[in-house]
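> Please work out how this folds:
(one chain, ligands or ions: 1)
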Amino acid sequence: MNAAESMMHLLKLSENVTGGFAVHQLRHGLQCATLAEKACVDDEIIIACLCHDAGKVISKANHGGIIAAMFKPYVRDEVYQMLKLHQLFEGKHYFEYLKWDSTQYLQYKEEPYFDLCQRFADEWDQTAFDPNAEVFPIEHFEQRLKNIFSKIPHVQESHENKIFATINEVEFFVTNFTEASNSSQEDWKKIVCNNVFNDNRVLIRVMEMIVGLKKIQIANSNDLFAHSISSARTAKCQSKNEEYIILCLCQHIGKVLDFDNGNEITKEILSPYISPEYVEMLDNSCSLPTVPAIQEIKSNHELEMELIDFIPALKKIFQASKYTSVLQLQRK
Ligand SMILES: [Fe+2]
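Numbering: from 1, shown residues only. Alright, predicted model coming up:
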């Protein structure tokens, strides 16, 4: 998938996320974008409004950061900040009930993007939970979403050169999470749920993205799925701790959503669950275990079995957010 297709995919899946609200997250996004369009703002803002909560499909803890990372190369800074900080600005309307500090957003009051962040929270996000409100359909926004994500990204990821420094030709195909697996999505959900527990959206999404790495080919007919499993295996053999092993396993998952911007997306997905000192290692791929140049070639089936062995550790890491997220910072 390219970035536009990934975003449409997440948006459509957000129809399954309600989080206790009166409308599901797709309808919430549509209403938010409809309100913004009626306020005559530009397309970058409108499409950001549409997508702002779609990161909840992966993980609620830092959903603003995940979507912001996906938009970052394609929109101006104030729109990126609006997405990145929206949990904090929206908190003005409900943190009080959770006994959190609802004035924290004011720390940004001197910033050039403050007014847009505030307008987003007050006029569009906060008022977009009305099941009876008029909303434009997703098709109404689709072409403009594609236009934004088809711009030439203005942030180039220099780390890609490090990862693929010895590779002459990088060929990658990403279709979607489930096509990338030999197993169907339902099979994977069964495997995950039988091995661990009930509904853990983060775990399932992370597993899907790891499997999705099969479609990203690197050198020597290897792919990023095999590479990630090998890296985690190496860390395990070195008796590293579980967070570090899972970091190795998940080091490329963001590339399933947008290859060129994958590192930033990976960091935002992992940051609530893996300690900052480890997450920072993703900026320097040399700090993660080097996969031996000559390694035993394993079949996809063998690699999938290895992935299943990592499930208990994955479960431990992703069952709760432990590290700094926008919301956790704000507890009084
Ligand atoms: Fe929202």
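
> all contacts plus neighbour counts: C-alpha atoms, from now on.
Fine.

> which residues of the stretch 1-150 of the chain fall in strands?
Using DSSP state E, counting those that start in this stretch, no strands are found in the stretch 1-150 of the chain.

> burial of residue 42, as a residue count?
10 (other Cα atoms under 10 Å).

> got it, and residue 39?
Using other Cα under 10 Å, residue 39 has 12 neighbouring residues.

> just residue 111 next, same as before
Other residues close to residue 111 by other Cα under 10 Å number 10.

> residues in contact with it?
Shown in contact with residue 111 (Cα atoms under 8 Å, 6 or more residues apart in numbering): no residues.

> Kindly state the domain boundaries assigned to the chain.
According to automatic domain parsing, the chain comprises the domains 3-149, 159-318.

> Of the ones you listed, which shows the lowest average pLDDT?
Among the domains of the chain, domain 159-318 carries the lowest mean pLDDT, at a mean of 74.

> doesn't residue 74 make contact with residue 149?
Yes: counting by Cα atoms under 8 Å, residue 149 does reach residue 74; the two are 6.1 Å apart.

> Return the residues in contact with residue 235.
By Cα under 8 Å, 6+ apart, residue 235 lies in contact with 244-245, 248, 289.

> SS state for it?
Following DSSP: H, G, I helix; E, B strand; the rest coil, residue 235 is assigned to helix.

> ok, it to residue 270 distance?
Between residue 235 and residue 270 the distance is 18 Å, computed by Cα to Cα, to the nearest Å.

> Kindly report the same for residue 67.
Residue 67 sits at a distance of 13 Å from residue 270 (criterion: Cα to Cα).

> Mind checking which of those two has more residues around it?
For residue 67 versus residue 270, the count of surrounding residues by other Cα under 10 Å is larger for residue 270: 28 against 25.

> Now do the contacts for the closest residue to that one other than its chain neighbours.
Among residues not flanking residue 270 along the chain, residue 279 sits closest, at 7.1 Å (Cα to Cα, 6 or more residues apart in numbering). Neighbour list for residue 279: 247, 267, 270-271 [criterion: Cα under 8 Å, 6+ apart].

> Closest one of those to residue 58?
residue 270 (10.6 Å; Cα to Cα).

> Kindly tell me how buried the residue nearest to residue 108 when sequence neighbours are not counted is, as a neighbour count.
Leaving aside its sequence neighbours, residue 108 sits nearest to residue 114 (Cα to Cα, 6+ apart; 6.1 Å). Applying other Cα under 10 Å, we find 20 residues neighbouring residue 114.

> shouldn't residue 114 be in contact with residue 120?
No: here residue 114 does not reach residue 120: they are 9.9 Å apart, not a contact under Cα under 8 Å.

> Which of the three states applies to residue 264?
Put simply, residue 264 is helix when judged by three-state DSSP.

> Now do it against residue 143, distance only.
As judged by Cα to Cα, residue 264 and residue 143 stand 25 Å apart.

> Who has more neighbours out of those two?
Comparing residue 264 with residue 143 by other Cα under 10 Å, the one with more neighbours is residue 264, at 22 against 11.

> can you pull the contacts of the more buried one?
Neighbouring residues of residue 264 by Cα under 8 Å, 6+ apart: 69-70, 254.

> If we use 6 Å, what do you get?
residue 69 (Cα atoms under 6 Å, 6 or more residues apart in numbering).

> Now do the buried residues in stretch 117-136.
For stretch 117-136, burial by neighbour count (16 or more other Cα atoms under 10 Å) applies to 117-118, 120-121, 124-126, 128-129, 135-136.

> Contacts for that stretch next, please.
With contacts defined as Cα under 6 Å, 6+ apart, stretch 117-136 is touched by 23, 28, 30-32, 34-35, 82, 89-90.

> May I have the distance across that stretch, first residue to last?
Taking Cα to Cα, stretch 117-136 runs 23 Å from one end to the other.

> same check, this time on stretch 116-127
16 Å.

> next one: it to chain centre, how far?
The chain centroid and the centroid of stretch 116-127 are separated by 22 Å under Cα atoms, centre = their mean, to the nearest Å.

> circling back to that earlier point, for the contacts of residue 279, which one is nearest residue 4?
Out of the contacts of residue 279, the member with the shortest distance to residue 4 (by Cα to Cα) is residue 267, at 19.8 Å.

> how much space between that closest one and residue 66?
Shown here: residue 267 relative to residue 66, a distance of 8 Å by Cα to Cα.

> Now, the buried residues of stretch 117-136 that are in helices?
Counting by DSSP state H, the buried residues of stretch 117-136 place 117-118 in helices.

> What residues of stretch 222-241 count as buried?
223-236.

> Please narrow those residues to those residing in helices.
224-236.

> Quick test: name the residue nearest the centre of the chain.
Nearest to the mean C-alpha position of the chain, counting by Cα atoms, centre = their mean, stands residue 66 at 4.2 Å.

> With that, I have no additional questions.
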